[in-house]
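>>> I would like the atomic coordinates for the input below:
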Amino acid sequence: MENYDICRQLCECILLAVPGFLGWILPHFLYRRIAGKRTEKITPLMEAKYDEIYEICEKGNKLLY
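Below is the predicted model of the structure:
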């Protein structure tokens, strides 16, 4: 009877450990994937804004000289 209790407790620990480890490791990969997609989406917008700022600065520089 005692061996049955130990085996049962071990099985319960394993069953609870597997989702725990997945919940610990999986967010890292999800974060990298989401961050990569967001970066791809935002990069062209940032480049357009940089170009716009550059043009405005050029116009301002021409006004000074």
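>>> Give me the secondary structure label for residue 35.
helix (DSSP: H, G, I helix; E, B strand; the rest coil).
>>> Pull the number of nearby residues for it.
Here the count is done by other C-beta atoms under 10 Å, and residue 35 has 10 residues near it. (Each C-beta comes from the backbone N, C-alpha and C, glycine too.)
>>> Where does the residue most central in space within the chain sit, in terms of helix or strand?
Note on the chain: the residue nearest the mean C-alpha position is residue 31, at 2.2 Å, using C-alpha atoms, centre = their mean. Counting by DSSP states H and E, the element that carries residue 31 is helix 2-64.
>>> what packs against that helix?
Using 3 or more C-beta pairs under 8 Å, 6 or more residues apart in numbering; DSSP states H and E as the contact criterion, no secondary-structure element is in contact with helix 2-64.
>>> How much space separates the residue nearest to the centre of the chain from residue 6?
From residue 31 across to residue 6, the span is 38 Å (C-beta to C-beta, to the nearest Å).
>>> Residue 40 now?
52 Å.
>>> which residues of the protein score low on pLDDT?
1-3 (pLDDT under 70).
>>> The same query, at a cut-off of 90, please.
Low-confidence segments of the chain (pLDDT under 90): 1-12, 14, 16, 19, 64-65.
>>> how much space between residue 8 and residue 15?
11 Å.
>>> same question, residue 26
Distance of residue 26 to residue 15, given as C-beta to C-beta: 17 Å.
>>> How about residue 21?
The gap separating residue 21 from residue 15 is 12 Å, by C-beta to C-beta.
>>> and if you look at residue 53?
Residue 53 sits at a distance of 56 Å from residue 15 (criterion: C-beta to C-beta).
>>> and what of residue 60?
Residue 60 sits 66 Å away from residue 15, taking C-beta to C-beta as the criterion.
>>> cool, and residue 7?
For residue 7, the distance to residue 15 under the criterion C-beta to C-beta works out to 13 Å.
>>> With residue 65 instead?
Here the distance between residue 65 and residue 15 works out to 74 Å (C-beta to C-beta).
>>> Between these two, which is the more surrounded one?
A direct count of neighbours by other C-beta under 10 Å for residue 65 and residue 15 places residue 15 higher, at 10 against 4.
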